[in-house]
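S.K.: Fold the following, please.
(one chain, ligands or ions: 1)
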Amino acid sequence: MAKVTLKTLADMKQSGEKFASLTAYDATLAHLVNTQGVEVILVGDSLGNVIQGNSSTVPVTVDDMCYHTRCVARAAHDSMVMTDLPFASYATEEQAVISAAKIMQAGAEVVKLEGEGWLPPIVTCLRQQGIPVCVHMGLTPQFVNVFGGYKVQGREEERANSMIQAAIDLQAAGAAMLLLECVPNDLAREITKAVDIPVIGIGAGDATDGQILVLHDMLHLTAGRKPKFVKNYMQDSATPQEAVARYVAEVKDGTFPGPEHSFN
Ligand code: KIV
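M.R.: Alright, predicted model coming up:
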């Protein structure tokens, strides 16, 4: 696989080819994911839960994200590296540039941040500094204390319409990608159609341009109850390599996610 860039993903959206994304936080697992043809590796702030053992992503810092981005970037020869800007590290345009610059210099090629209607000026400012942005919408885990829990977003018409408008506004502001978490299938389909930029989904049905899962969840390494959208790929695989290869194949042929992993 040639090095994946934003242009690769835009071309894939145009041609209707689905792309696969997984998280990784270290060089060994980034190598595994990279060699199985995953287009996008996310250095997610889910490392706050998965690696650090916290109950949310709130404690994660920019320095944490830089450390893990450096580890992943050394092994991600073909996959594109996207890294989360952590909790409250992009409250103003100035702060967002300072945080994102550190993360880009650590090896990220795109930064991801969470929010909707308030983000366009921040997205534009980052883009003007040469920093591509993916905006994570819907269920945004950094806002768990505002939401009061992890719930499906966009079931009500008013919220659904505001998410569609936010997606259009974020594209106009210069967002390079969108990521939708825990939104009903039909809403994800509408947003994916409403914008030209690639849209990644997690718990957002099968109509998005790409799919993402937390690697440790799909390898069945994380303890406790899993969200509905997680599939255990180790169930029918002899090795983690086989599990990741199967996930990539199922994303590409549209088998994953099935209705049992989606919200209606
Ligand atoms: O931090 C993360 O791993 C994420 C995914 C759940 C999309 O944002």
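S.K.: Can you tell me which residues in the stretch 1-150 of the chain are near the ligand?
M.R.: Residues of the stretch 1-150 of the chain lying close to the ligand (C-beta under 6 Å from any ligand atom) are 23, 42, 44, 45, 46, 84, 136. Every residue, glycine included, has its C-beta placed from N, CA and C.
S.K.: redo that, cut-off 8 Å
M.R.: Counting by C-beta under 8 Å from any ligand atom, the stretch 1-150 of the chain comes close to the ligand at 23, 42, 44-47, 50, 57, 84, 112, 114, 136, 141.
S.K.: and what of the stretch 151-264 of the chain?
M.R.: 179, 181, 200, 202, 212, 213, 214.
S.K.: still on that earlier bit, in helices, which of the residues of the stretch 1-150 of the chain next to the ligand appear?
M.R.: 47, 50 (DSSP state H).
S.K.: With pLDDT as added columns, please give the residues of the stretch 1-150 of the chain next to the ligand in CSV.
M.R.: Shown next, in CSV, are these (pLDDT from 0 to 100):
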residue, pLDDT
23, 99
42, 99
44, 98
45, 98
46, 98
47, 98
50, 97
57, 97
84, 98
112, 98
114, 98
136, 98
141, 96
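S.K.: nearest to the ligand, of the residues of the stretch 1-150 of the chain next to the ligand?
M.R.: Nearest to the ligand, judged by C-beta to the nearest ligand atom, of those is residue 44 at 2.3 Å.
S.K.: Okay, the closest residue to residue 180 other than its chain neighbours and residue 134: tell me how far apart.
M.R.: Computed as C-beta to C-beta, 6 or more residues apart in numbering, the closest residue to residue 180 that is not its neighbour in sequence is residue 204, at 4.2 Å. For residue 204, the distance to residue 134 equals 14 Å [C-beta to C-beta, to the nearest Å].
S.K.: More neighbours: which of those two?
M.R.: With neighbours defined as other C-beta atoms under 10 Å, residue 204 and residue 134 compare such that residue 204 has more, 34 against 25.
S.K.: On the three-state scheme, that one is what?
M.R.: When classified by DSSP: H, G, I helix; E, B strand; the rest coil, residue 204 comes out as coil.
S.K.: Now do the contacts for it.
M.R.: 138, 180, 181, 182, 183, 185, 188, 262, 263 (C-beta atoms under 8 Å, 6 or more residues apart in numbering).
S.K.: From these, which land in strands?
M.R.: Those of these mapping onto strands are 138, 180, 181, per DSSP state E.
S.K.: can you put those in JSON lines and add neighbour count and pLDDT?
M.R.: Below are those laid out as JSON lines (neighbours: other C-beta atoms under 10 Å; pLDDT from 0 to 100):
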{"residue": "138", "neighbour count": "25", "pLDDT": "97"}
{"residue": "180", "neighbour count": "29", "pLDDT": "98"}
{"residue": "181", "neighbour count": "23", "pLDDT": "98"}
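S.K.: Tell me the one of those nearest the ligand?
M.R.: residue 181 (5.9 Å).
S.K.: who does that closest one bridge with?
M.R.: Residue 181 has the following beta-bridge partners by DSSP bridges: residue 138, residue 202.
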